[in-house]
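> Provided below are the primary sequence and the corresponding predicted coordinates.
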2 protein chains.
Amino acid sequence: MVEFAVTIIGSGSAVPMYGRHPSAQVVQHGESFFLIDCGEGTQLLLRDAGIKPFRIQVILISHLHGDHVFGLPGLLSTYSHLGRSEPLVIYGPKGIQDFLNSIMQHSELKIRYPLEIVELETTGVKKIFETTDLEVSTFPLKHRIKCQGYLFREKKERVRFNKQTLTDLNLSPDQIKSALQGEDIFLKGELISHEDIFLPPLAPLSYAYCSDTAYSPSLSTWLKSVTVLYHEATFLNDLEDLARETGHSTAREAAQIASDAGAGCLMLGHYSSRYKTLDDLLAEAKTTFSNTILSVEGKQFKLRELKEVS
Amino acid sequence: MVEFAVTIIGSGSAVPMYGRHPSAQVVQHGESFFLIDCGEGTQLLLRDAGIKPFRIQVILISHLHGDHVFGLPGLLSTYSHLGRSEPLVIYGPKGIQDFLNSIMQHSELKIRYPLEIVELETTGVKKIFETTDLEVSTFPLKHRIKCQGYLFREKKERVRFNKQTLTDLNLSPDQIKSALQGEDIFLKGELISHEDIFLPPLAPLSYAYCSDTAYSPSLSTWLKSVTVLYHEATFLNDLEDLARETGHSTAREAAQIASDAGAGCLMLGHYSSRYKTLDDLLAEAKTTFSNTILSVEGKQFKLRELKEVS
């Protein structure tokens, strides 16, 4: 089965504290690896999390604040030094090309592999690329500077065989292939129903990344029924004013978006360094949206499992 | 006694491997803390090494290659977020102001403490600042881009009391103060000789940082009799040609500089990621200069002790 999972590299905000690192996470869908944001230290933390940096084919940057992007030059440089030859595409807000050009020029960073940088600017949800099974879109977040969220949606239901029937009927690989293509299967002259061969399919999964953003009700429309919503929760609700001033959200606001969107699961992140422990953030969100979890450094979350937590 | 020590934060080169990090080290002289170079991750690694980032008053950058400078924006940002108010001075090669300006502009990095950036360009050794007890100079290295080395020299011999005599004679604090000021001390009408009160003074210590650089014989003239020479040794001698091409040194060349300078101790660093272990680099240097040691992440080296190793 194609694995759809997210591994948290950094769950912190501007200041790395209490073992929390600046924003970065890896979305894996089958053989596709996408890095979202790239705070300082990401290249090392990827290895710590068991992800080979070379597996990443696409990097999606939300915005150019340092805690989301200061690890990018180092990662791009390491790719060159270690002889990467596979193409890399970076998506990010307008300005990312200039940001990288300036660093490359001053630091003599030479890119020795095909690198494409795509600048995004959208008013609503816009598809940016797709793989065979997955569609990746972007949408604007409400932050102090241009900031993009990202949405990963599986295109199709996931087919499931009824393993017991397959064993009992002893179907050949060719017959299974035919069944997958929707053809009728006959065994000893008898038609085998597709219901016998297949279990009900699993619904497509989806994952949305919203960091950094102030409370933005449009998100719940754009991310309707998302399986797992990663939404920043920089502050507790008693700092609602500070959240508004700085373009961030409280845990309660994150939960409100998850609730309005009908998300399957809410994952919090981008915690302010003022919070040594995160229990209060979790508790606050849970009062509005019960299936809330905390993002944690180095942990891999399988989307299918998160959906079923409650 | 004023402590004069260096703590290694990163001993590696372009690619962080085998637990080695990009270049950074802290020179401590009494209450003065100087950070030399600031590779990615330095702000976190400082804490791991037991050095509070706020203690650093001056940052000295050798050059703008990423493995010496990609941790600087994050450290400057963290200082702002954590409310630093003490002034910070950064010395570095021409271009460092532009490099930082561009990053600050793109990432909205706001510096909320007095920050002075001084661009250096020298043809020989030039004093850049001093404290009560220490003089700090810069000199050019021979690299692919503008690159500065740094030299820290204690200004004075270090006075040592003869503790036994002080106890036997039972001198008052005022008498000790007078002795320190060179005045004659009388005890029961009898002149006490300074030789009785003081042991022979300790010679001033010095430390030089040379990374990154190709073999550059001028260094041995500029750094004559330096107590501890940190000199890059990116490659073994069988890669001499690659060292020359890339503006780096071999372990043998580093040892030749130490030998010609009459250094007390040679510390190697900036190891290529092709070397999993460093024994061969150490052995190669030792054939030319026996008092050679390896820089190691997180380790503090006291200069006085290194001088006495042989």
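Looks like it arrived, so ask away. Residues are numbered from 1 along each chain as shown, chains lettered A, B, ... in the order given.

> what does the stretch 101-250 of chain A have sitting close to chain B?
Within reach of chain B by C-beta under 8 Å from any C-beta of the partner chain, the stretch 101-250 of chain A has these residues: A:102, A:103, A:106, A:107, A:108, A:109, A:144, A:145. In short, each C-beta sits where N, CA and C put it, glycine included.

> May I ask which two of these are separated the most?
Greatest spacing in these, by C-beta to C-beta: A:108 and A:144 (31.5 Å).

> Tell me where the stretch 101-250 of chain A has helices.
With DSSP state H, counting those that start in this stretch as the criterion, the stretch 101-250 of chain A has helices at A:163-169, A:173-180, A:194-197, A:218-222, A:240-246.

> Mark which of the residues of the stretch 101-250 of chain A next to chain B are buried, thanks.
Neighbour-count burial (16 or more other C-beta atoms under 10 Å in any protein chain shown) is assigned, among these, to A:102, A:103, A:106, A:107, A:109.

> one step back: how about TSV for the helices of the stretch 101-250 of chain A, with mean neighbour count and mean pLDDT added?
Formatted as TSV, the helices of the stretch 101-250 of chain A follow (neighbours: other C-beta atoms under 10 Å in any protein chain shown; pLDDT from 0 to 100):
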stretch	mean neighbour count	mean pLDDT
helix A:163-169	12	83
helix A:173-180	13	86
helix A:194-197	14	84
helix A:218-222	18	98
helix A:240-246	15	98
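
> Looking at those, which is nearest to residue B:176?
So among the helices of the stretch 101-250 of chain A, helix A:240-246 is nearest, using C-beta to C-beta, at 55.6 Å.

> Please save the CA atoms from the closest one in CSV.
Listed next in CSV are the C-alpha coordinates belonging to helix A:240-246 (Å, rounded to 0.1, in the frame of the first residue of the first chain):
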residue,chain,number,x,y,z
GLU,A,240,-4.8,36.4,21.3
ASP,A,241,-3.9,40.0,20.8
LEU,A,242,-0.2,39.2,20.4
ALA,A,243,-1.2,36.5,17.9
ARG,A,244,-3.2,39.0,15.9
GLU,A,245,-0.3,41.6,16.0
THR,A,246,2.3,39.1,14.9
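
> Follow the chain on from it and name the next helix or strand.
helix A:251-261 (DSSP states H and E).

> for that next one, packing partners?
Packing partners of helix A:251-261 (3 or more C-beta pairs under 8 Å, 6 or more residues apart in numbering or on different chains; DSSP states H and E): helix A:218-222, strand A:228-232, strand A:265-269, helix A:279-288.

> for that helix, what is the average pLDDT?
Helix A:251-261 shows a mean pLDDT of 98.

> Outside of that helix itself, list whatever touches it.
Helix A:251-261 is contacted from outside by A:210, A:215-217, A:219-221, A:223-226, A:229, A:231-233, A:235-237, A:240, A:243, A:249, A:263, A:265-266, A:268, A:280-282, A:284-289, A:292, using C-beta atoms under 8 Å, 6 or more residues apart in numbering or on different chains.

> Kindly recompute the last result at 7 Å.
With C-beta atoms under 7 Å, 6 or more residues apart in numbering or on different chains as the test, helix A:251-261 has contacts from A:215, A:219-220, A:223-224, A:226, A:229, A:231-233, A:236-237, A:266, A:268, A:281, A:284-285, A:288-289, A:292.

> per-residue confidence at residue A:309?
For residue A:309, the predicted pLDDT is 52.

> and the closest residue to chain B within the stretch 151-300 of chain A, helix, strand or coil?
At 7.5 Å from chain B, residue A:273 is the closest residue in the stretch 151-300 of chain A, using C-beta to the nearest C-beta. The three-state assignment at residue A:273 reads coil, by DSSP: H, G, I helix; E, B strand; the rest coil.

> rewinding a little: do you know which of the helices and strands packed on helix A:251-261 lies nearest residue A:139?
Of all the helices and strands packed on helix A:251-261, it is helix A:218-222 that lies closest to residue A:139, at 5.1 Å by C-beta to C-beta.

> which residues touch that closest one?
Here helix A:218-222 makes contact (C-beta under 7 Å, 6+ apart) with A:124, A:125, A:139, A:210, A:257, A:260, A:261.

> ok, now stretch A:83-93?
Residues contacting stretch A:83-93 (C-beta under 7 Å, 6+ apart): A:54, A:57-61, A:63-64, A:79, A:96, A:113-120, A:128, A:138, A:146-148.

> centre of the chain versus stretch A:212-226, how much separation?
Centroid separation for stretch A:212-226 versus its chain: 15 Å, with C-alpha atoms, centre = their mean, to the nearest Å.

> Quick one: end-to-end distance for that stretch.
18 Å (C-alpha to C-alpha, to the nearest Å).

> Let me see the domain layout of chain A.
As given by automatic domain parsing, the domain ranges for chain A are A:4-157+A:203-308, A:159-199.
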